[in-house]
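> A structural model of the following input is requested.
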Amino acid sequence: MKNQTLLKQGAVLTALYLLLLFITIFVPFLEMIALFILPLPFLLFASRQGWKPAAMMVVAAAMVSSLFVTVVSFPLTVMAGLGGGLIGSAIHQRLSPYETWARGSIGFVIGLVTTFIYIQWLFSINIVQEINQSVEESMETSQQLLTDLGMNLTEQDMSMITDQMNQVINLLPVILVVIAVFFGFLTQWIGYRLINRLDKQELKFPPFRNFRLPLAVLWIYFGGLLVTWIMSEPGSALYTGADNVVHLAGLFIALQGLSFVFFYAKNKKSTKALPIIAIIIVILFPIIGLYLMRILGIIDLGFQLRDRLNNNQN
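Reported below is the predicted structural model:
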């Protein structure tokens, strides 16, 4: 009886996933909305049954979608299945919201990398090379346009702009991880609401002011900085890898700094204007804002500011 219920529930959710996949691929204007809810059938099934049945559902959905939809359905299914399945299995195991978020983000990272490799293999193209070529063509077009307008850029200016564009390309792994983290958060947030409604649970994220990173992230950040400073030349694989680590860890530390602003405002019972101002600065002036939040996050992590404030208050 239990196996029959399991199979029936898996079949219904797989059919629901295939319907969402069809909408994502073929229905204009709805594909972006459907893309964010693709992982939900896997999330719901894994939260009820655990990771083993969910893994079988992912395999079945990948096989069926590859046969009856399009060639792009396989990487989409892998990404949705891994991300949603890992979030759902973490919920099934009663892990904390942030541990669940981390698992889901890892699943989406693997899914995005799989998609990246799959597209390169299927269409016999090198995506990084295509991006480089597009950047070069854009630079040539922009230079010609500026020349026509009577604005000539020096070779030094063009070299600086090209270096900045190449740096963005080198940070492609960080971009993929940031996208995966965003997908993980949004999927988990929607999943919590769905499970709360269907299964009568009370899942939710804790207040943002309680967000805290492990101290190891700070050591990883400084380790990456050390490599970029003294151990490698720019452009090498080691330097590029360390640079990605620094930027990624720096983003998380900035998030820690922003959460400290929320904690401080709550701890001191001050006005809500302080967190709002911090968010506005980060949004309107991201370079300055993230830099300031990163410094604050480093101080918070390194000197355990929250514990000191709590001790002083007690």
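> how far away is the closest residue in space to residue 228 that isn't next to it in sequence from residue 170?
Computed as C-beta to C-beta, 6 or more residues apart in numbering, the closest residue to residue 228 that is not its neighbour in sequence is residue 242, at 4.9 Å. All C-beta atoms are positioned from the backbone trio N, CA, C, and that covers glycine. Taking C-beta to C-beta, to the nearest Å as the measure, residue 242 falls 11 Å from residue 170.
> Distance of residue 107 relative to residue 214?
Taken as C-beta to C-beta, the span from residue 107 to residue 214 is 20 Å.
> Same question for residue 200.
33 Å.
> What's the local residue count around residue 82?
25 (other C-beta atoms under 10 Å).
> which non-adjacent residue is nearest it?
Closest residue to residue 82 apart from its sequence neighbours, by C-beta to C-beta, 6+ apart: residue 107 at 3.7 Å.
> so how far is the one helix or strand the one you found maps to off the chain centroid?
Assigned by DSSP states H and E, residue 107 falls within helix 97-123. Relative to its parent chain, helix 97-123 has a centroid offset of 9 Å by C-alpha atoms, centre = their mean, to the nearest Å.
> other SSEs contacting that helix?
helix 73-92, helix 127-148, helix 172-198 (3 or more C-beta pairs under 8 Å, 6 or more residues apart in numbering; DSSP states H and E).
> which of those helices sits most buried?
Scoring these by mean neighbour count under mean count of other C-beta atoms under 10 Å gives helix 73-92 as the most buried, with a mean of 25.
> how about the CA coordinates for that helix, as CSV?
In CSV, the C-alpha atoms belonging to helix 73-92 read as follows (Å, rounded to 0.1, in the frame of the first residue of the first chain):
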residue,chain,number,x,y,z
SER,A,73,14.8,19.5,-21.4
PHE,A,74,17.6,17.3,-20.0
PRO,A,75,19.8,20.0,-18.5
LEU,A,76,16.7,21.8,-17.2
THR,A,77,15.5,18.7,-15.5
VAL,A,78,18.9,18.0,-14.0
MET,A,79,19.1,21.5,-12.6
ALA,A,80,15.5,21.5,-11.3
GLY,A,81,15.8,18.0,-9.9
LEU,A,82,19.1,18.5,-8.1
GLY,A,83,18.2,21.9,-6.7
GLY,A,84,14.6,21.0,-5.7
GLY,A,85,15.5,17.5,-4.6
LEU,A,86,18.3,18.6,-2.3
ILE,A,87,16.2,21.3,-0.7
GLY,A,88,13.4,18.9,-0.2
SER,A,89,15.6,16.2,1.3
ALA,A,90,17.1,18.7,3.7
ILE,A,91,13.6,19.7,4.8
HIS,A,92,12.8,15.9,5.2
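> mind listing what's buried in the longest helix anywhere in the chain?
Secondary structure of the chain read by DSSP state H shows that its longest helix is helix 237-267. Going by neighbour count (16 or more other C-beta atoms under 10 Å), the buried part of helix 237-267 is 239-265.
> And for stretch 287-302?
Per 16+ other C-beta under 10 Å, stretch 287-302 contains these buried residues: 289, 290, 292, 293, 294, 296, 297, 298, 300, 301.
> Could you dump those residues into JSON lines and include secondary structure?
JSON lines is the format used below for those (DSSP: H, G, I helix; E, B strand; the rest coil):
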{"residue": "289", "secondary structure": "helix"}
{"residue": "290", "secondary structure": "helix"}
{"residue": "292", "secondary structure": "helix"}
{"residue": "293", "secondary structure": "helix"}
{"residue": "294", "secondary structure": "helix"}
{"residue": "296", "secondary structure": "helix"}
{"residue": "297", "secondary structure": "helix"}
{"residue": "298", "secondary structure": "helix"}
{"residue": "300", "secondary structure": "helix"}
{"residue": "301", "secondary structure": "helix"}
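> how about CSV for these, with pLDDT and distance to residue 136 added?
Below are those laid out as CSV (pLDDT from 0 to 100; distance: C-beta to C-beta, whole Å):
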residue, pLDDT, distance to residue 136
289, 89, 32
290, 90, 29
292, 92, 35
293, 93, 34
294, 94, 32
296, 93, 39
297, 93, 37
298, 93, 37
300, 91, 42
301, 90, 41
